[in-house]
Structures are given as C-alpha cells and as structure tokens.
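Peer 1: Here is my input; please provide its structure:
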Amino acid sequence: MPTLPQRAQIVDVGPRDGLQNEKQMIPAEIKIELVDRLTDAGFGHIEVTSYVSPKWVPQMSDAADVMARIRRKPGVVYSVLVPNTQGYLKATESPRALWPDEIVVFAAASEAFSQKNINCSIDESIERFRPVTEQAQQHGIRIRGALSCALGCPYQGEVEPDAVAHVARRMKEIGVQHVGVADTLGTGTPEKTKRAMDAVLNVYELDEVSGHFHDTYGMATANVYACLELGVASFDSSIAGLGGCPYAKGATGNVATEDVLYLLNGLGIETGIDFAKAVATGQWISGILGRKAHSRAGNAVTAKLAA
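Peer 2: Okay, here's the model as predicted:
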C-alpha cells in the first residue's frame, strides 16, 4: 500500500470556473457571499474570478467589484484567471490591497484544441503569457498554470503524456510556479491520470503539481485517489459541482468539492476545511441557482439531516 499524504489542499474554483458557465447573470453580491462563505469554511485557496473580456464572458464583467468587496482572511490565497496582458493590467490597476495573491494562466496539451479555440499553436499560446508572467514576478504575485485537455481532447481524442510534459516544460520556462493538470472533458481514468501526472512530475516538484478533474464519466474522485497514491496533495474542485463542460454534452463539469472532501476525510487526510459548512454552502448556492447540487456527498448529507 502506498503511503498517502497526511494533508491535502483544495483550491475551490466554483466562484470562477463554476459560475462563468451560468447562463443567468449572477449578481456580484452573490459571488462575493460565495467567496466569503468559502473563506469562513476554512478554504485556504479560492479562485475568485477572471479578468476576461466582458464581450466573451459577460458573467465575469464584475471582476474588479468582486475583488474589491470580498472579505479577505490573512493566509488565504485569492487567485484570478488572466487570459492576456490586458487582463493582467485590469487585475492590478486597483490599489495594491485589492490585487490577487495569484494569477492563473493556461494552455492546452492538445495542438488541435489550441488551434480550434485560440487560433494558434501551443507554443505560441504560452509565449503570449511571457509578458504577463514577467510582470507578475516583478510584482511578487504567484503564478499558477492550468494545463487543459491533459487526458483527452474533443478534437484529436487521445493526448500523449509526452505532449503534457512538453507544455509543463514550456510553462516552467516562462516562470509558472505551480501547474494544475486538468482533465477538461472528464474522460480520464486512474491509470491515464497517473501517466499524465508522472510526465509533469518529471518537470515540477511534487508540491508544485495539482489535479483538476471533471466528473463527466464519474471518474473524478477515483482520479483524485490515483494522484494521492503518487503523493500529489493539491486539487481543484468546485463547490456543489458548479460548472459545465462546453465540449461534452451532458458533462457535469468540475468534481464537487464536497465529494473530494468526503473522500479525503474518509482517508484521514487533513484539509482544515469544515465539511458541514462546505455542504451548507453548496446547498445554498444551488438554491440560488434554482437546481439540485451536483454533489453526491453533499446531497446525501443534506437528505440525512432532513430526515
């Protein structure tokens, strides 16, 4: 039996990756309350918003307002996604106290995906982030990279571990300090996950790598466990399973934070997060959105309490 980590970190991406896919416009007040509830529940790392063009993602047009009004807790990392230099400048045009602690940049491990979605090669897409990462380094802001389509692509199908390693190496070259290996389609299985993770672990240290799994085929928590067996102890998840996958019909999107917490708690792995508060937050935001939470553990606990 492999020795599992004693402690794990969860980065809740619900406020950003989750809510950006919602068709109905969510008021800034709700986004702020969601972040504040996650902070209160003990999350040490929250992905708050993204500084993208309102033309392309209108849901995130209130990024500056949200960042200005969340109640920050010392020691908690509040991160934002920036797609380009303009996004970075917007994220840092407010007073220093309102800046993010970390920015997230991104690239796909699939050449077909990169060409279809941003009309450039993987290498070109990463090179575009160089001026962003240089400025972040000068400002003392942490840099995390999201490596999407690491376990499968909607256009080319299989993605080889060598391709994943190539993107990781390029990210490291431009100053990315931590890389999240993302199963964007949710098609990954534990063995596939281990191969992709091993490829990245040849480039980055163990504590500089995390897993980001979508639960389209119900494999996300199994893939989290596969990472734990390798010693990887950082995971992105989304409260109530917020977020859909625009590339796969019927996809349920990000793995639910409550389900990952239930797994970690069951393994005796510490997170510092209050499970009951996380469940309550997932039920609250799902109620606001007018639907049932996409969290098996959250819904089971809620049903048990109601009974």
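Peer 1: Now do the strands in the stretch 201-307 of the chain.
Peer 2: With DSSP state E, counting those that start in this stretch as the criterion, the stretch 201-307 of the chain has strands at 209-213, 234-237.
Peer 1: wait, which of those strands is closest to Ala8?
Peer 2: Closest approach to Ala8 among those (C-beta to C-beta): strand 234-237, 6.8 Å. For glycine as for every other residue, the C-beta is placed from the backbone atoms N, C-alpha and C.
Peer 1: Contacts only, for Arg142.
Peer 2: Val77, Ser79, Asp101, Glu102, Ile103, Ala136, Gln177, His178 (C-beta atoms under 8 Å, 6 or more residues apart in numbering).
Peer 1: Could you count how many residues lie near the third one?
Peer 2: Okay, so that is Asp101. Neighbourhood size, Asp101 [other C-beta atoms under 10 Å]: 17.
Peer 1: repeat for the last one
Peer 2: His178: 19 surrounding residues under other C-beta under 10 Å.
Peer 1: For Asn254, which non-adjacent residue is closest in space?
Peer 2: Excluding its sequence neighbours, the residue lying closest to Asn254 (C-beta to C-beta, 6 or more residues apart in numbering) is Ser238, at 3.5 Å.
Peer 1: ignore the last one, Lys192
Peer 2: Computed as C-beta to C-beta, 6+ apart, the closest residue to Lys192 that is not its neighbour in sequence is Leu151, at 5.2 Å.
Peer 1: about what we covered before: who wins on neighbours among the contacts of Arg142?
Peer 2: Going by other C-beta under 10 Å, Ile103 tops the contacts of Arg142 with 28 neighbours.
Peer 1: Trp284 touches Arg37, doesn't it?
Peer 2: Yes - using C-beta atoms under 8 Å, Trp284 is in contact with Arg37, at 7.1 Å.
Peer 1: Name all residues that sit in contact with the two at the same time.
Peer 2: Common neighbours of Trp284 and Arg37 are not found (criterion: C-beta under 8 Å, 6+ apart).
Peer 1: residue ranges with poor pLDDT in the stretch 151-300 of the chain?
Peer 2: 244-252 (pLDDT under 70).
Peer 1: now the helices: where do they sit in it?
Peer 2: Using DSSP state H, counting those that start in this stretch, the helices of the stretch 151-300 of the chain run over residues 161-173, 190-201, 220-230, 257-266, 275-289, 296-306.
Peer 1: can you pull the contacts of Asn202?
Peer 2: Asn202 neighbours (C-beta under 8 Å, 6+ apart): Ala165.
Peer 1: right, so of the strands of the stretch 201-307 of the chain, which gets closest to Arg7?
Peer 2: In terms of C-beta to C-beta, the element of the strands of the stretch 201-307 of the chain nearest to Arg7 is strand 234-237, at 10.1 Å.
Peer 1: quick one: strands adjacent to that closest one?
Peer 2: strand 9-12 (parallel), strand 209-213 (parallel) (DSSP bridges).
Peer 1: got TSV for the strands of the stretch 201-307 of the chain, with distance to Ala307 and mean neighbour count too?
Peer 2: As requested, those are exported to TSV (distance: least, C-beta to C-beta, whole Å; neighbours: other C-beta atoms under 10 Å):
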stretch	distance to Ala307	mean neighbour count
strand 209-213	31	26
strand 234-237	26	26
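Peer 1: just to revisit the earlier point, ok, the residue nearest to Lys192 touching Leu185?
Peer 2: Yes - look at Leu151 against Leu185 with C-beta under 8 Å: they come within range, at 7.4 Å.
Peer 1: So between those two, which is more surrounded?
Peer 2: Per other C-beta under 10 Å, whichever of Leu151 and Leu185 has more neighbours is Leu151, with 28 against 22.
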